[in-house]
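A.B. asks: predicted model and sequence below, questions to follow.
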Amino acid sequence: MTEQLEARAMMQAAYENRYTWDHNFPGYVADVQLKVGDQVYTGKATVNPDLSAEVTEVSDESAKKAIVGQLQEIAIHRIRRTFEASHGQNTFSFGDTDATGAVEILVGGKAAGDRYKVRDNEVCMVHRHIHGIVVTIDTQSSHPTGAGYLSHRYHSVYRDPKTGEVKGEQDFEDNYEKVGDYHILSERKIQAIENGQPVTSEFSFSNIKLLQPALV
């Protein structure tokens, strides 16, 4: 029982060390550019206070969908939830410690089968079953913000949960800009293999401005 409490404490400390937006987050607008190979798409992006995302002035529907998808993915990871709300129905125990000093934490309970690695009070590996796919994310570097860490470079692998077959892999590199009191993504580069060919997608967000909070 002591080990489970220690594993839970380590996981909770790293979870609470992630950078998230507070409940006063006002949303923001930005100019957006998506570059995929030789194709360049530009438009306007909005992330609302409720963390929903909108993209305008992008005529290509697939490009628009890709930008909205990234904005939503970013916002999901900025939501501030208590550890109890996210993991209250899970149990934790220690697995192996690798050569880098990362400690494996095995999950039981509601999310049984998931696992994480924690190093230097940061979650550096996530292995989760999400929407019928198994996702493994290894983080190579992170950005310190003074109010929690943000992943900088990381590698994602997507597998079939039954066969373990690799369905896709992506390498990410994220950079952030501090706007007012908030750190907001300014650049995201994704390198992937599609139909056997390397494809690089570069999302750039500029002229980022916070929305004015509504008067109460």
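C.D. replies: Received it, and whenever you're ready, just let me know what you need. Numbering: from 1, shown residues only.

A.B. asks: for the rest of this, base every contact and every neighbour count on C-alpha atoms.
C.D. replies: Will do.

A.B. asks: nearest residue to the residue nearest the centre of the chain other than its sequence neighbours?
C.D. replies: When the chain is reduced to its mean C-alpha position, the closest residue under CA atoms, centre = their mean turns out to be His77, at 5.0 Å. Here the nearest residue to His77 in space, its sequence neighbours aside, is Thr20; by CA to CA, 6 or more residues apart in numbering that works out to 7.2 Å.

A.B. asks: give me the number of residues near that neighbour?
C.D. replies: 21 (other CA atoms under 10 Å).

A.B. asks: mind jotting down where the helices sit in this structure?
C.D. replies: 2-16, 61-78, 83-87 (DSSP state H).

A.B. asks: out of those, nearest to Ser156?
C.D. replies: Smallest distance to Ser156 across those (CA to CA): 13.7 Å, for helix 61-78.

A.B. asks: what's that closest one in contact with?
C.D. replies: 19-21, 34, 41, 47, 51-56, 58, 185, 203 (CA atoms under 8 Å, 6 or more residues apart in numbering).

A.B. asks: are any of those residues buried, and which?
C.D. replies: Neighbour-count burial within those applies to 19-21, 34, 41, 47, 51, 53-55, 58, 185, 203; the criterion is 16 or more other CA atoms under 10 Å.

A.B. asks: nearest to Thr82 among those residues?
C.D. replies: Thr20 (11.1 Å).

A.B. asks: could you single out the nearest of the buried ones among the contacts of helix 61-78 to Phe83?
C.D. replies: Nearest member of the buried ones among the contacts of helix 61-78 to Phe83, counting by CA to CA, is Thr20, at 12.7 Å.
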